[in-house]
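Peer 1: requesting a structural model of the entry that follows:
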Amino acid sequence: MENKQSPFKIRSNFSPKGDQPQAIKELTDGLNNNLPHQTLLGVTGSGKTFTIANVIANYGKPTLVISHNKTLAAQLFGELKSFFPENAVEFFISYYDYYQPEAYVPTTDVYIEKDTAVNEDIDRLRLRATASLLDREDVIIVASVSCIYGLGSPEEYKRQFLVIDKNVEIDRDDMIRRLINIHYVRNEIDFSRGKFRVRGDTVELIPAYHDHAFRIEFYGDEIEKITEFDALTGEIYADRQKISIYPAKHFVTSKEQLGDAIKLIEDELEERLKYFRNENLLLEAQRIESRTRYDIEMLKEIGFCAGVENYSRHLTGREEGERPFCLIDFFPDDFLTLIDESHQSIPQIRGMHAGDRSRKETLVKHGFRLPSALDNRPLFFEEFARLIPKVIYISATPADYELDTCNGVVVDQVIRPTGLVDPQIIVKPLSTQVDDLLELAKERRAKGERVLVTTLTKRMSEDLTDYLNKVGANYP
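Peer 2: Numbering: from 1, shown residues only. This is a model prediction of the structure:
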């Protein structure tokens, strides 16, 4: 069952027990037999994470693990990273600590500007996730529903990356220009992630997705030395022959693409102005013209603007209504998808588009955004389903969707690795429940044990406590 050619190597002091070996075998066989949908029905505490870790190792393909909230995603990320210390286990969730989306409330004429607080560490992890997918085959990405939201084109992202090789001649000034083109910022004082500094024939930079800094030393047009070091202490980690620098942002475009996009934005603006003026909506016309022209000037001058994602359709050359690129597009064709707590994750993925669409339609209608902003959206559920070739749903209580989609291919994992089973449940009639409680309590008392009684409400607890005290059940 073990795939000797797999790039994934599990490191664990434990081996599969209970129902785990059989579940691992059945799921792996299903993947090898090209089953597109399977469900792992595992009770709480049965070791589902260890099971899927073994399935990932056996299958040997890049894997996307989706969780329905950030906390559970972080827990999964930590567990899988401990199982695969030699492989690229990455984390991809929303990078906002605080997010107030752009919105307009027509009834009160209140415009709410987009306000965010970006978590720099999570942004670095997101960039490292996409860089790993383009660099390596042994990649596991643990993601939230953020994975179905728009990103830049993976092809353009890959085309823009910069290879710095000691064996290849490159002009220092040309390298600096290329770093600026992929959104790295020159800063001689604040040397931090996504920035670089120049000291004579030496260029130092910290990639946007990396913890360490790199020092590139030139001799004329030749690179004499590449050093990886600690940006804070200066400690040298290693000499490198070659490094790859990926863009500091996911939305990157070439000059040619940017020029074409600006032309398309200008054309769309003219159409929208014509529509508003014909409808005598002069306020809306003024809004959309002032905002869009300002954004166009920013794009011309620095290649970026606030809310650039709203122009993503034009910047990536997509047609109207065409789905946006997302994290899934960075995966190869034969990747594996695991959806944790699928009974909650699937409805969450299904519901993302409607709320986003409603808010943006209001912005477009009242002249705050061009209609193309509607194409900066999360995937429809049907689009998402078409993008994942092989998927395993993981849940203790799978919903109808998973069961119907799997056509009965459900792998049970009921017996825990410890051998412990759920306690026996006995249902007593309502008419004699208090008498039954007293009898059972006496049995426990005779063995020197304690009894915990739970009720539906606080009031019921108080009444039951009073009654038990009256009948002498308050044992010393």
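Peer 1: beta partners for Val142?
Peer 2: Val142 has these beta-bridge partners by DSSP bridges: Val65, Phe91.
Peer 1: that one contacts Thr63, correct?
Peer 2: No: using C-beta atoms under 8 Å, Val142 is not in contact with Thr63; the gap is 9.2 Å. No exception for glycine: its C-beta is placed from N, CA and C like everyone else's.
Peer 1: could you pull up phi and psi at the nearest residue to Arg178 once chain neighbours are set aside?
Peer 2: Among residues not flanking Arg178 along the chain, Leu162 sits closest, at 5.4 Å (C-beta to C-beta, 6 or more residues apart in numbering). For Leu162, the backbone dihedrals (degrees, to the nearest 10) come out as phi -110, psi 120.
Peer 1: again, but for Ile206
Peer 2: Dihedral angles phi and psi of Ile206 (degrees, to the nearest 10) take the values phi -120, psi 110.
Peer 1: let me know the distance separating the residue nearest to Arg178 from Val139.
Peer 2: Distance from Leu162 to Val139, counting by C-beta to C-beta, to the nearest Å: 21 Å.
Peer 1: higher neighbour count, those two?
Peer 2: Using other C-beta atoms under 10 Å, the more surrounded residue of Leu162 and Val139 is Val139, with 27 against 16.
Peer 1: measure the more buried one to Arg126 for me?
Peer 2: As judged by C-beta to C-beta, Val139 and Arg126 stand 14 Å apart.
Peer 1: same check on Gly150?
Peer 2: Going from Gly150 to Arg126 by C-beta to C-beta gives 13 Å.
Peer 1: you'd agree Leu299 is up against Cys305?
Peer 2: Yes: between Leu299 and Cys305 there is a contact under C-beta under 8 Å: 5.5 Å.
Peer 1: between the two, which has more neighbouring residues?
Peer 2: Using other C-beta under 10 Å as the criterion, Leu299 and Cys305 rank with Leu299 on top: 21 against 16.
Peer 1: ok, that one - contacts?
Peer 2: Leu258, Ala261, Ile262, Ile265, Cys305, Val308, Tyr311 (C-beta atoms under 8 Å, 6 or more residues apart in numbering).
Peer 1: does the residue nearest to Arg178 touch Met175 like I think?
Peer 2: Yes: counting by C-beta under 8 Å, Leu162 sits close enough to Met175 to count as a contact (7.3 Å).
Peer 1: any chance you could map the strands in the stretch 151-300 of the chain?
Peer 2: Under the criterion DSSP state E, counting those that start in this stretch, the stretch 151-300 of the chain carries strands at the ranges 162-165, 185-186, 195-199, 202-206, 213-219, 222-229, 236-239, 242-245.
Peer 1: show me the contacts for the residue lying closest to Val55 once chain neighbours are set aside.
Peer 2: Using C-beta to C-beta, 6+ apart and skipping residues adjacent in sequence, the residue nearest Val55 is Leu27, 4.8 Å away. Each residue near Leu27 by C-beta under 8 Å, 6+ apart is listed here: Gln38, Leu40, Thr51, Ile52, Val55, Ile392, Val411.
Peer 1: one more: Arg172?
Peer 2: Contacts of Arg172 (C-beta under 8 Å, 6+ apart): Val198, Asp201, Val203, Phe218, Asp221.
Peer 1: can you do 6 Å?
Peer 2: Contact analysis of Arg172 by C-beta atoms under 6 Å, 6 or more residues apart in numbering lists Phe218.
Peer 1: what's stretch 33-47 in contact with?
Peer 2: Identification of contacts with stretch 33-47 by C-beta under 6 Å, 6+ apart yields 20, 27, 30, 48, 390-394, 396, 398, 402, 405-406, 409-414, 416-417.
Peer 1: just the buried members of those residues?
Peer 2: Buried members of these, counted by 16 or more other C-beta atoms under 10 Å: 20, 27, 30, 48, 390-394, 398, 402, 405-406, 409, 411, 413, 416-417.
Peer 1: before I go, just wanted to say thanks for your time.
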